[in-house]
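Asker: Pasted the sequence and its predicted model underneath.
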Amino acid sequence: MTRRPPARRRSARRAGPRRRQQENQLVGLCVGAAVALWLVAKVVGWLLGHWWLLLVAAVLAALAGIWWWQQRARRARWEQAQARALRYGLSQLDTLPHRQFEYAVRDLMRRDGCADAVQVGGQGDLGADVKATDPLGRRWVIQCKHRRHGERGAAVGAPELQVLNGTGRPVHQADVVVMVTNGRITQPGRVFARQQRLHLVDRALLGSWASGARPLWELLPALPPPRRPSARS
């Protein structure tokens with residue numbers, strides 16, 4: 001009958017090769033570290049002996065940085081000029097899909113100086129399609145109603161304005177709540193908007209704003225006072 005060796009002796013046999021493997025790995029790491037240190041010392045010594053190369057590299061890097069910064073500033077100025085020159089005709093706006101109409105309103109707000117203007121319309125937007133802060137610190141919330149047939153499309157009425165009124169200030173904390181449409185607004189809707197201090201941009205006013213150069217806050221009456229002084233004051 002064959003007797004099995006004691007458990008301690010079997011574990012010692014298994015541990016021997018594992019320990020040797022760990023020792024070999026440690027030796028390899030030490031050798032690799034020593035080689036790396038030797039290479040670093042060689043490179044540092046060579047650079048100290050050729051310090052002028054470091055000076056040339058530093059000058060080239062500085063020139064490259066200046067060139068990159070100039071290109072970036074030139075690109076930013078060009079983009080700002082393009083934004084200031086942005087114009088839309090009513091016929092062009094009529095052909096846009098609804099979502100693109102929202103982006104067009106956002107871009108017009110950016111053109112006017114609202115650097116943070118953003119399109120937020122979509123499912124669950126709670127009545128806000130575009131949000132922006134004007135240069136005077138006022139927070140704008142804009143709802144866009146695009147009509148594919150323009151003035152011949154369905155008019156924006158009091159029910160749609162009631163939804164905007166219910167969220168514009170209480171939910172979005174807006175100072176200026178605006179309804180923008182490329183179509184018409186009903187007379188009851190206009191009465192409701194006047195009562196609730198909502199601002200309306202109908203087809204006629206949209207045409208003046210989109211095709212001109214004046215910001216929207218210069219075209220709308222009875223806006224709330226600025227939150228901060230203007231750059232001109």
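Answerer: Sure thing, it's come through. Numbering: from 1, shown residues only.
Asker: What's the biggest helix in this structure, counting residues?
Answerer: helix 7-49 (DSSP state H).
Asker: quick one: contacts of stretch 144-160?
Answerer: Contact with stretch 144-160 is made by 90, 93-94, 96-98, 101-102, 105, 121, 129-130, 143, 179-186, 188-189, 191-192, 203, as judged by Cβ atoms under 8 Å, 6 or more residues apart in numbering. (C-beta placed from N, C-alpha, C; glycine too.)
Asker: Emit the ChimeraX select command for whichever of these are buried.
Answerer: Only the buried members of the contacts of stretch 144-160 enter the following ChimeraX selection, criterion being 16 or more other Cβ atoms under 10 Å:
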select :90,93,94,96,101,102,105,121,129,130,143,179,180,181,182,183,184,185,186,189,192,203
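Asker: ok, then the element right after the helix or strand of the chain with the lowest mean pLDDT?
Answerer: When the helices and strands of the chain are scored by mean pLDDT, DSSP states H and E, helix 51-84 comes last with a mean of 70. Once the chain leaves helix 51-84, the next helix or strand it forms, by DSSP states H and E, is helix 90-94.
Asker: which residues are contacting the helix or strand just after that next one?
Answerer: Remark: after helix 90-94, the chain's next helix or strand is helix 98-111, criterion DSSP H and E. For helix 98-111, the surrounding residues in contact (Cβ under 8 Å, 6+ apart) are 83-84, 86, 88, 93, 96, 117-119, 121, 129-130, 132, 140, 142, 144, 146, 180, 182, 209-210, 216.
Asker: Could you list which of these belong to strands?
Answerer: 118-119, 130, 132, 140, 142, 144, 180 (DSSP state E).
Asker: domains for the protein, by residue range?
Answerer: Using automatic domain parsing, the domain ranges for the chain come out as 7-82, 90-218.
Asker: Please give me every residue in contact with the residue nearest to residue 206 when sequence neighbours are not counted.
Answerer: With sequence-adjacent residues excluded and distances taken as Cβ to Cβ, 6 or more residues apart in numbering, residue 206 is closest to residue 182, at 5.9 Å. Contacts for residue 182 (Cβ under 8 Å, 6+ apart) come out as 90, 93-94, 101, 146-147, 150, 203, 206.
Asker: Then residue 97?
Answerer: residue 146.
Asker: again, 10 Å this time
Answerer: Counting by Cβ atoms under 10 Å, 6 or more residues apart in numbering, residue 97 touches 103, 146, 148.
Asker: From residue 148, how far off is it?
Answerer: Distance, residue 97 to residue 148, using Cβ to Cβ, to the nearest Å: 9 Å.
Asker: Mind listing what's buried along the helix or strand containing residue 167?
Answerer: Element membership for residue 167, per DSSP H and E: helix 158-168. Across helix 158-168, burial judged by 16+ other Cβ under 10 Å covers 158, 160-161, 164-165, 167-168.
Asker: measure residue 206 to residue 108 for me?
Answerer: Distance from residue 206 to residue 108, by Cβ to Cβ: 9 Å.
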